[in-house]
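A.B. asks: sequence and predicted structure, then a few things I'm wondering about:
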Amino acid sequence: MSKAEEEQKTRRERAQAIALFRYMLIREAADAGLSARQRGAMVRQIAARPHVDPFGRRVRISRWTLDRWIAAWHSGGFDALVPSPRQSQPRTPGEVMQLAAALKKENPARSAAQVQRILRAELGWAPDERTLQRMFARTGLTSLAVPEQAPSAFGRFEASRPNELWTGDALHGIRLGSRKTYLFAFLDDHSRAIMAARFGFSEDTVRLAAALRPALAARGVPEYVYVDNGSAFVDAWLLRACAKLGIKLVHSQPGRPEGRGKIERFFRTVRDQFLVELTEAKAAGISDLEQLNRMFTAWVETVYHARPHSETGQPPIARWEAGAPFPVPGPSALAEAFRWAEHRTVSKTGLVSLHGNSYQVDPCLTGQRVELVFDPFDLTVLSVRAGGRDAGAAVPHQITRHSHPKARPETPAEPPRPTGIDYLALIDAQHTAALAGRVNYAALAGPQPPRPHQDDQQ
């Protein structure tokens, strides 16, 4: 017997038990020989005392409910007391729940929240997290777990070929001036070669994209990317980029860092061999991030990649190149993958809003939920997608900001050059000049004769 058939059998047995409980309560009051007065008195007595239902719960039944059961029994007999099955259709489409179950089976370590994020990135929306949790519990997917021996064996795991698995993480670096730096890096698990590495001033999605995008263009597309649950790694843009390029994004379980040992070992090498050389005096001589990244790239390519690795016995870059050539995505595919997307509902006037800006779209999309695809650094150019199909461009109607709030530039804009104009000094000079040119009429009149005293006049 299948699981669905077992569930149906359980529901039927439950319904029969409820019908029998109802019948036992009303069987005497439902006697056709009773008058209305006698039936009413008997129903009030039944409603006044508690009863134990088929599931062991103490319940009280109202008089109105008892009268309804009696009327149902008179019209349809015992079958009329059997509760009808739920007629409401599930609010979440079945194909969406099937996809959620497939994502959970594909990677049992995925939580309901992670499955929800993947569905939202793929479909544009997702069921509630609690809905997914209930579905996983009902279908037995919650009990899926990684075998107990996996953690002990995972430390010795190694990808079978280059570009099968990249592991990414972020390292807190030195301070340049008054600002802290962060290093985003991705390591090829098979060769230990560094696929992407770049320092930035923020540990956010924009700096992560600045490190990862050139690596994909030069090194190719990995099959898996393994990261932790940091805010930059769970952002929707990374899910979308991986989905567009066919990369399977895997997040480690919170509190279980197994599998990230190689990238952590690389970061320790960075601290011991690169950052240790950036003394306070040396760091003071680094003018900007461009210089810091140039120095780090030189160290990676000249020292780290060229020296045999302690575990593989081969230089990391040589072991990675042994699997070449690797297909790389085209410029248009890469640009599409690293665009951001947000969903909006088209207003009755054919307008959509995005971060304070408004755009005119095709009037036939009025009332529909559309996807807006854009470069986070240029909000004047938006593409519209409806139902997964291209729906033209969004024409700017009112632009108040030109970049996404998260797309902050790496270095702030240079302050304007001083004009050398001292406004207050100009005003003071004008006032002084005005006083100097004013005529003193009191001085022109000469000395005044003394006025006579009142006693002298008498």
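C.D. replies: That came through, no problem. Residues are numbered from 1 along each chain as shown.

A.B. asks: drop to CA atoms for contacts and neighbour counts, all remaining ones
C.D. replies: Fine.

A.B. asks: and residue 169, that one's in a helix?
C.D. replies: No - counting by DSSP: H, G, I helix; E, B strand; the rest coil, residue 169 is not part of a helix but strand.

A.B. asks: can you list the low-confidence ranges for the stretch 201-350 of the chain?
C.D. replies: 254-259 (pLDDT under 70).

A.B. asks: where do the helices sit along it?
C.D. replies: 205-219, 236-245, 261-273, 280-284, 289-299, 316-321, 331-337 (DSSP state H, counting those that start in this stretch).

A.B. asks: for the last one, the distance to its chain's centre please.
C.D. replies: In terms of C-alpha atoms, centre = their mean, to the nearest Å, the centre of helix 331-337 is set 21 Å apart from its chain centre.

A.B. asks: what helices and strands are in contact with that helix?
C.D. replies: Counting contacts by 3 or more C-alpha pairs under 8 Å, 6 or more residues apart in numbering; DSSP states H and E, helix 331-337 is packed against helix 205-219, helix 236-245.

A.B. asks: dump these into a markdown table; add distance to residue 51 and mean neighbour count as well.
C.D. replies: Listed next are these as a markdown table, based on distance: least, C-alpha to C-alpha, whole Å; neighbours: other C-alpha atoms under 10 Å:
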| stretch | distance to residue 51 | mean neighbour count |
| --- | --- | --- |
| helix 205-219 | 60 | 19 |
| helix 236-245 | 53 | 20 |
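
A.B. asks: dump these into CSV; add distance to residue 263 as well.
C.D. replies: Below are the helices and strands packed on helix 331-337 laid out as CSV (distance: least, C-alpha to C-alpha, whole Å):
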stretch, distance to residue 263
helix 205-219, 15
helix 236-245, 19
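
A.B. asks: state the next helix or strand along the chain beyond the helix or strand containing residue 166.
C.D. replies: Assigned by DSSP states H and E, residue 166 falls within strand 165-176. Following strand 165-176 in sequence order, the next helix or strand is strand 179-188 (DSSP H and E).

A.B. asks: what's the angle from the helix or strand just after that next one to helix 205-219?
C.D. replies: Using DSSP H and E, the helix or strand that directly follows strand 179-188 along the chain is strand 194-200. Orientation check (axes from the mean of the first three to the mean of the last three C-alpha atoms, to 10 degrees): strand 194-200 against helix 205-219 gives 150 degrees.

A.B. asks: tell me what angle strand 194-200 forms with strand 179-188.
C.D. replies: Going by the same axes, to 10 degrees, strand 194-200 makes 170 degrees with strand 179-188.

A.B. asks: who touches strand 194-200?
C.D. replies: 166, 173, 181-188, 207, 210-212, 214-215, 219, 289, 292-293, 297, 300, 305, 410 (C-alpha atoms under 8 Å, 6 or more residues apart in numbering).

A.B. asks: repeat for stretch 380-391
C.D. replies: Against stretch 380-391 from outside (C-alpha under 8 Å, 6+ apart): 361-362, 368-375, 392-396, 399, 402.

A.B. asks: on that earlier part again, so which of the helices of the stretch 201-350 of the chain gets nearest residue 81?
C.D. replies: helix 236-245 (50.8 Å; C-alpha to C-alpha).

A.B. asks: just how off-centre is the closest one within its chain?
C.D. replies: Taking mean C-alpha positions (C-alpha atoms, centre = their mean), helix 236-245 and its chain are 11 Å apart.

A.B. asks: packing partners of it?
C.D. replies: helix 112-123, strand 248-251, helix 331-337, strand 340-345.

A.B. asks: after the top helix by length along the chain, heading C-terminal, what element do we hit next?
C.D. replies: Ranked by residue count, the top helix of the chain under DSSP state H comes out as helix 3-26. Remark: after helix 3-26, the chain's next helix or strand is helix 36-48, criterion DSSP H and E.

A.B. asks: quick check: next helix or strand after that next one?
C.D. replies: strand 51-52.

A.B. asks: so what secondary structure elements neighbour the next helix or strand after that following strand?
C.D. replies: Note on strand 51-52: by DSSP H and E, the next helix or strand toward the C-terminus is strand 58-59. Packing contacts for strand 58-59, counted by 3+ C-alpha pairs under 8 Å, 6+ apart, involve strand 51-52.

A.B. asks: how far does the strand it packs on sit from its chain's centre?
C.D. replies: Remark: strand 51-52 is offset 49 Å from the chain centroid, using C-alpha atoms, centre = their mean.

A.B. asks: partner strands of it, with direction?
C.D. replies: For strand 51-52, the paired strands and their directions (DSSP bridges) read strand 58-59 (antiparallel).

A.B. asks: so how far is the partner strand from its chain's centroid?
C.D. replies: Remark: strand 58-59 is offset 45 Å from the chain centroid, using C-alpha atoms, centre = their mean.

A.B. asks: state the mean pLDDT of the following helix or strand past that strand.
C.D. replies: Sequence-wise, the next helix or strand downstream of strand 58-59 (DSSP H and E) is helix 63-76. Here helix 63-76 scores 88 as its mean pLDDT.

A.B. asks: which of the residues in helix 63-76 are buried?
C.D. replies: 63, 66-67, 69-70, 72-73 (16 or more other C-alpha atoms under 10 Å).

A.B. asks: can you name every helix or strand that it contacts?
C.D. replies: helix 3-26, helix 36-48.

A.B. asks: okay, the first one in PDB with CA atoms only?
C.D. replies: To tie it back to what came earlier, the one meant is helix 3-26. In PDB, the C-alpha atoms belonging to helix 3-26 read as follows (Å, rounded to 0.1, in the frame of the first residue of the first chain):
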ATOM      1  CA  LYS A   3       1.700   6.300   1.400                       C
ATOM      2  CA  ALA A   4      -1.200   8.200  -0.200                       C
ATOM      3  CA  GLU A   5      -3.400   5.200   0.200                       C
ATOM      4  CA  GLU A   6      -2.400   4.800   3.800                       C
ATOM      5  CA  GLU A   7      -3.300   8.500   4.400                       C
ATOM      6  CA  GLN A   8      -6.700   8.000   2.800                       C
ATOM      7  CA  LYS A   9      -7.400   5.000   4.900                       C
ATOM      8  CA  THR A  10      -6.500   6.900   8.100                       C
ATOM      9  CA  ARG A  11      -8.800   9.800   7.100                       C
ATOM     10  CA  ARG A  12     -11.700   7.400   6.500                       C
ATOM     11  CA  GLU A  13     -11.200   5.600   9.900                       C
ATOM     12  CA  ARG A  14     -11.100   9.000  11.600                       C
ATOM     13  CA  ALA A  15     -14.300  10.100   9.900                       C
ATOM     14  CA  GLN A  16     -16.100   6.900  10.900                       C
ATOM     15  CA  ALA A  17     -15.000   7.300  14.500                       C
ATOM     16  CA  ILE A  18     -16.300  10.900  14.600                       C
ATOM     17  CA  ALA A  19     -19.700   9.800  13.100                       C
ATOM     18  CA  LEU A  20     -20.000   7.100  15.700                       C
ATOM     19  CA  PHE A  21     -19.300   9.600  18.500                       C
ATOM     20  CA  ARG A  22     -22.000  11.900  17.100                       C
ATOM     21  CA  TYR A  23     -24.500   9.100  16.900                       C
ATOM     22  CA  MET A  24     -23.900   7.900  20.400                       C
ATOM     23  CA  LEU A  25     -24.600  11.500  21.700                       C
ATOM     24  CA  ILE A  26     -27.900  12.000  19.800                       C
END
